[in-house]
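Trainee: Structure for this input, please:
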Amino acid sequence: MIGLALVSGLSVVGSSMVASATDEIDASVGADFMLSPSNFGPVLPDVSAAVEEVRADGDAVASVTEYRVLSATATTPDGTVVDRQLAAAQPSMLEDLRVSTVAGDLAQVYEEPGGGLALDEDEAATLGLGVGDEVRVDFAGDSGPAALTVRAITEKSALEGGVWTVSLDTARAHLGPEALPLPSLLFVTAREGRAEEARVALEAALEPYPQMELRDQYELKEQIREQIGQLLNMVYGLLALAIVVAVLGVVNTLALAVVERTREIGLLRAIGLSRRQLRRMIRLESVVIALFGALLGVGLGLAWGRRATG
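Mentor: Numbering: from 1, shown residues only. I've put the predicted structure just below:
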């Protein structure tokens, strides 16, 4: 029962996770392609230059956005000190990764002189921050703090997961070109109706860099499905062993029940019950116990899975 409850519950949770992730990609990702290293390292300057050359030399690619992640220590107006990661990118990020705004204007973070920062509503509520508040940000490796104004509060995004947002110009101004970290991801947007042409050009430019993986939105969804599927398969393997042990336990319990019911069985035999009828009775008992446990386990698992996914 417990094994089936866990299997059915995890199946519901896994399916919900895949559906939520794919819906998030459909709603938020505006770029046609995402480019990242397969070894989870940074995007090297030569790769960025090759992709930028494709954009500059042809008409298929409309924009290339470098997504960088910075480490910083932030101090809020009430003196709270927190360590956070900041995402820095060009203004084209507004279309590459669309995020709904709860308050303020996200475009000001990228386009206004002096920039500012944006954070999601959960972070804002936790730290007591609102639009217009000034936050002191100490960038890792920076010589001094930067006073950044909260320009926007956004809805929570599963794709960014609590990362604060600044513009690339703001990060460059306070860190300098030398200390600016390399991009962890490139977003590439093709011109209308020319996505296939852009892909061919990008694949040709990336031939010298086999470590780079170019994915469109469909391939990104498939990657998420595979990752969640692999995790669930590992759990299912362990649960299969648990179910085998449970089956052996049921068999042992029934065997002991038969041994302990010798008087009852002897009485039934004495009043005319045949061996065949006796075996059928014991089999029916085992089937009823197994079905009851299976149905109860599946029902509990589905209820738990639905509750866990909201």
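
Trainee: all contacts plus neighbour counts: C-alpha atoms, from now on.
Mentor: Will do.

Trainee: would residue 91 count as being in a helix?
Mentor: No: read with DSSP: H, G, I helix; E, B strand; the rest coil, residue 91 is coil and lies in no helix.

Trainee: how many other residues sit next to residue 258?
Mentor: 14 (other C-alpha atoms under 10 Å).

Trainee: mind showing which ranges of the stretch 101-250 of the chain have poor pLDDT?
Mentor: 141-143, 158-161 (pLDDT under 70).

Trainee: Strands of that one, residue ranges please.
Mentor: Ranges of strands within the stretch 101-250 of the chain are 101-104, 117-120, 134-139, 146-154, 164-167, 185-190, 212-216, based on DSSP state E, counting those that start in this stretch.

Trainee: Can you redo those strands as TSV, where the extra columns are distance to residue 46 and mean neighbour count?
Mentor: TSV is the format used below for those (distance: least, C-alpha to C-alpha, whole Å; neighbours: other C-alpha atoms under 10 Å):
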stretch	distance to residue 46	mean neighbour count
strand 101-104	35	16
strand 117-120	29	27
strand 134-139	26	20
strand 146-154	31	22
strand 164-167	22	24
strand 185-190	13	24
strand 212-216	12	18
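
Trainee: As TSV, those strands with distance to residue 74 would be great.
Mentor: Shown next, in TSV, are these (distance: least, C-alpha to C-alpha, whole Å):
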stretch	distance to residue 74
strand 101-104	20
strand 117-120	11
strand 134-139	4
strand 146-154	9
strand 164-167	10
strand 185-190	24
strand 212-216	33
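
Trainee: Residue 300 is nearest to which of those?
Mentor: Taking C-alpha to C-alpha, strand 117-120 is the member of the strands of the stretch 101-250 of the chain nearest to residue 300, at 35.1 Å.

Trainee: sorry, back to before: residue 37: which of the strands of the stretch 101-250 of the chain is closest?
Mentor: That would be strand 212-216 among the strands of the stretch 101-250 of the chain, by C-alpha to C-alpha, at 4.4 Å.

Trainee: Packing partners of that closest one?
Mentor: strand 33-37 (3 or more C-alpha pairs under 8 Å, 6 or more residues apart in numbering; DSSP states H and E).

Trainee: CA atoms only: put the strand it packs on into PDB for me.
Mentor: Extracted as PDB, the C-alpha positions of strand 33-37 are listed here (Å, rounded to 0.1, in the frame of the first residue of the first chain):
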ATOM      1  CA  PHE A  33      17.200  29.800 -29.000                       C
ATOM      2  CA  MET A  34      19.200  29.300 -25.800                       C
ATOM      3  CA  LEU A  35      22.900  28.700 -25.900                       C
ATOM      4  CA  SER A  36      24.900  27.300 -23.000                       C
ATOM      5  CA  PRO A  37      27.900  25.000 -22.400                       C
END
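
Trainee: now what about it, what contacts it?
Mentor: 42-43, 184-189, 211-217 (C-alpha atoms under 8 Å, 6 or more residues apart in numbering).

Trainee: thinking again about what came up before, nearest to residue 77 among the strands of the stretch 101-250 of the chain would be which one?
Mentor: strand 134-139 (6.4 Å).

Trainee: Parallel or antiparallel, list what pairs with the closest one.
Mentor: strand 61-75 (antiparallel), strand 146-154 (antiparallel) (DSSP bridges).

Trainee: Quick one: closest of the strands of the stretch 101-250 of the chain to residue 85.
Mentor: strand 164-167 (6.4 Å).

Trainee: Pull the residues that contact the closest one.
Mentor: Contacts of strand 164-167 (C-alpha under 8 Å, 6+ apart): 84-91, 109-111, 115-120.

Trainee: So among those residues, which ones count as buried?
Mentor: 84-91, 109-110, 115-120 (16 or more other C-alpha atoms under 10 Å).

Trainee: With just CA atoms, put stretch 235-247 into CSV.
Mentor: Extracted as CSV, the C-alpha positions of stretch 235-247 are listed here (Å, rounded to 0.1, in the frame of the first residue of the first chain):
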residue,chain,number,x,y,z
VAL,A,235,12.9,6.8,-7.1
TYR,A,236,10.7,4.3,-8.9
GLY,A,237,13.5,1.8,-8.9
LEU,A,238,13.9,2.1,-5.1
LEU,A,239,10.1,1.8,-4.7
ALA,A,240,10.0,-1.3,-6.8
LEU,A,241,12.4,-3.0,-4.3
ALA,A,242,10.1,-1.8,-1.5
ILE,A,243,7.1,-3.3,-3.3
VAL,A,244,8.9,-6.7,-3.8
VAL,A,245,9.7,-6.7,0.0
ALA,A,246,6.1,-5.9,0.7
VAL,A,247,4.8,-8.7,-1.5
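
Trainee: which parts of it are buried?
Mentor: So for stretch 235-247, counting by 16+ other C-alpha under 10 Å, buried means 236, 239, 243.

Trainee: Make TSV from the residues you listed and add distance to residue 261 to it.
Mentor: Below are the buried residues of stretch 235-247 laid out as TSV (distance: C-alpha to C-alpha, whole Å):
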residue	distance to residue 261
236	37
239	33
243	27
